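Enquirer: heads up, no residue letters with this:
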């Protein structure tokens, strides 16, 4: 235990002791609990209905567009594609149908990736990308990859897929490395290693202009087989679709504030600049940090409601591997609470907004996020003060089911003409169970955030700091990167070959 962590733990213990001792002499806790009970109904109304009320406002603004499939393109583009693909690819339908086909690179950060899931992602990309347009950025905290089998497996999938090893254990650093390696491309599509592209995907360049230099997509949650069974998977799918509705409302007013971290489309030069100058390298709240970085550049994010990316979500609450509680407590909720000061700073900035409606919409959403963070802390004393009273639970369960109203309206008003975007009725009926489970987990995430950062968490150095310090992990500064971005992996290949040669010599 470090001195700072010990001091933080001692501070927390002293605060608890002060509360206990002061209550012993004054009895203030009993008085506070009695006062809280007198405001039971208003407190419950605020805690349980703030989000549904916000979504009712969003529903009045957002307009789900009718499905508009991508247009066909000129035969010349198809002829070019045919010349570049081999016959087996053509038999599988691997023909891109976009005029800007080869201006976009597909960057996929990987770390101990599930190979079957990644294979599905790569195969879903083939209709839209050539193999040489796909950049797999393997990353970890060692100078060279510990195991070359992943690289060899990728070569078996297709020898033209670009594999790069990054010695910085960070998804965002991997995105930077991939973008730097894709120097001959104008745009970057980046997704997680479990996000497959839909058949109707097309590069959303038509949504970009001088101000809008990135595009966000709605998400759908699925299990490993691509299905949406009732329960944790369908509830998270509902959560993602409601988050997409917020972005749909943001799009015509203030622009999308934060892209989904699972996948977005961005101008390459902008991506390199925001990652190297502003974006932190901690794998926490990456979506919000990307949005704030875009704002600092004075640019905006558009929204493509026609293309939905499917991402694999945790199927269990406390199961093996990456379960839902581990994902939310250790990453998402910690990240959400770590943003409180950043949100407050941006609350008093223009953030690239140019219209009154844009300013009002963005500030309103920021205030809503801050209110949700405060409510996470309010839940603790409310539960302590009221948890032993049956009236509390009667009010609680009566109000909890208002969480059904926004998804129901989304289904049959917003998505009346888009049955492909609707949510199952059984999911909507049971969604309040998920929301209360989420509120419980969010409290643990808030507490862990406070203890984690007060306890002396050392944040990963941002790229600008690494460049300033001349950190050797910035391997792209080496002249070899210009012609061979995978030179670190090649070094490992040579080391292994030399070691095998030495063994052969020693055995003879």
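Expert: Perfect, thanks for sending it. As the structure is a prediction and not an experimental result, all values here were calculated from the model.

Enquirer: Let me see the ranges of the helices in the stretch 151-300 of the chain.
Expert: Listed in chain order, the helices of the stretch 151-300 of the chain (DSSP state H, counting those that start in this stretch) span 171-181, 232-250, 268-277, 286-296.

Enquirer: Tell me which of those helices sits nearest to residue 463.
Expert: Judged by C-beta to C-beta, the one of the helices of the stretch 151-300 of the chain that comes nearest to residue 463 is helix 268-277, at 4.7 Å. For every residue, glycine as well, the C-beta is placed using N, CA and C.

Enquirer: which other helices and strands contact that closest one?
Expert: helix 171-181, strand 187-191, strand 212-216, helix 286-296, helix 463-469 (3 or more C-beta pairs under 8 Å, 6 or more residues apart in numbering; DSSP states H and E).

Enquirer: Okay, now the sheet partners of the second one, with direction.
Expert: Applying DSSP bridges, strand 187-191 is found paired with strand 104-110 (parallel), strand 263-267 (antiparallel).

Enquirer: quick one: it to helix 268-277, angle?
Expert: Interaxial angle of strand 187-191 relative to helix 268-277 (axes from the mean of the first three to the mean of the last three C-alpha atoms, to 10 degrees): 60 degrees.

Enquirer: on that earlier part again, got CSV for the helices and strands packed on helix 268-277, with mean neighbour count too?
Expert: Formatted as CSV, the helices and strands packed on helix 268-277 follow (neighbours: other C-beta atoms under 10 Å):
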stretch, mean neighbour count
helix 171-181, 25
strand 187-191, 25
strand 212-216, 25
helix 286-296, 22
helix 463-469, 15
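
Enquirer: can you pull out the strands in the protein?
Expert: Ranges of strands within the chain are 104-110, 134-139, 162-166, 187-191, 195-196, 212-216, 219-222, 263-267, 300-303, 309-312, based on DSSP state E.

Enquirer: Adding mean pLDDT, write the strands paired with strand 187-191 out as TSV.
Expert: Below are the strands paired with strand 187-191 laid out as TSV (pLDDT from 0 to 100):
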stretch	mean pLDDT
strand 104-110	98
strand 263-267	98
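
Enquirer: Dump those into TSV; add distance to residue 338 and mean neighbour count as well.
Expert: Below are those laid out as TSV (distance: least, C-beta to C-beta, whole Å; neighbours: other C-beta atoms under 10 Å):
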stretch	distance to residue 338	mean neighbour count
strand 104-110	21	25
strand 263-267	21	24
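
Enquirer: With distance to residue 307 added, can I get the ones you listed in TSV?
Expert: Below are these laid out as TSV (distance: least, C-beta to C-beta, whole Å):
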stretch	distance to residue 307
strand 104-110	13
strand 263-267	9
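
Enquirer: Spatially central residue for this protein, please.
Expert: Centroid-nearest residue in the chain: residue 261, 2.4 Å away (criterion: C-alpha atoms, centre = their mean).

Enquirer: Pull the contacting residues for it.
Expert: Going by C-beta atoms under 8 Å, 6 or more residues apart in numbering, residue 261 touches 192, 286, 287, 290.

Enquirer: I'd say the third one and residue 260 touch.
Expert: Spelled out, it's residue 287. Yes - between residue 287 and residue 260 there is a contact at 6.0 Å, judged by C-beta atoms under 8 Å.

Enquirer: first to last residue in stretch 196-210, what's the distance?
Expert: Terminal residues of stretch 196-210 lie 29 Å apart, using C-alpha to C-alpha, to the nearest Å.

Enquirer: ok, residues contacting it?
Expert: 69-70, 97-98, 100-101, 103-104, 120-121, 124-125, 127-128, 187, 189, 191, 214-215, 226, 265, 267, 302-304, 306-310.

Enquirer: which of those are buried?
Expert: 98, 101, 104, 120-121, 124-125, 127-128, 187, 189, 191, 214-215, 265, 267, 302-304, 306-310 (16 or more other C-beta atoms under 10 Å).

Enquirer: give me phi/psi at the closest residue in space to residue 315 that isn't next to it in sequence?
Expert: Once flanking residues are discounted, residue 315 sits nearest to residue 223: 5.2 Å by C-beta to C-beta, 6 or more residues apart in numbering. Backbone torsions of residue 223, given as degrees, to the nearest 10, read phi -90, psi -170.

Enquirer: shaky segments in this structure?
Expert: 1-2, 4-5, 8, 36, 69-101, 453-457, 508 (pLDDT under 70).

Enquirer: Can you get me a residue count around residue 423?
Expert: 20 (other C-beta atoms under 10 Å).

Enquirer: quick one: it and residue 239 touch, right?
Expert: No - Residue 423 is beyond contact range of residue 239, at 10.0 Å (criterion: C-beta under 8 Å).
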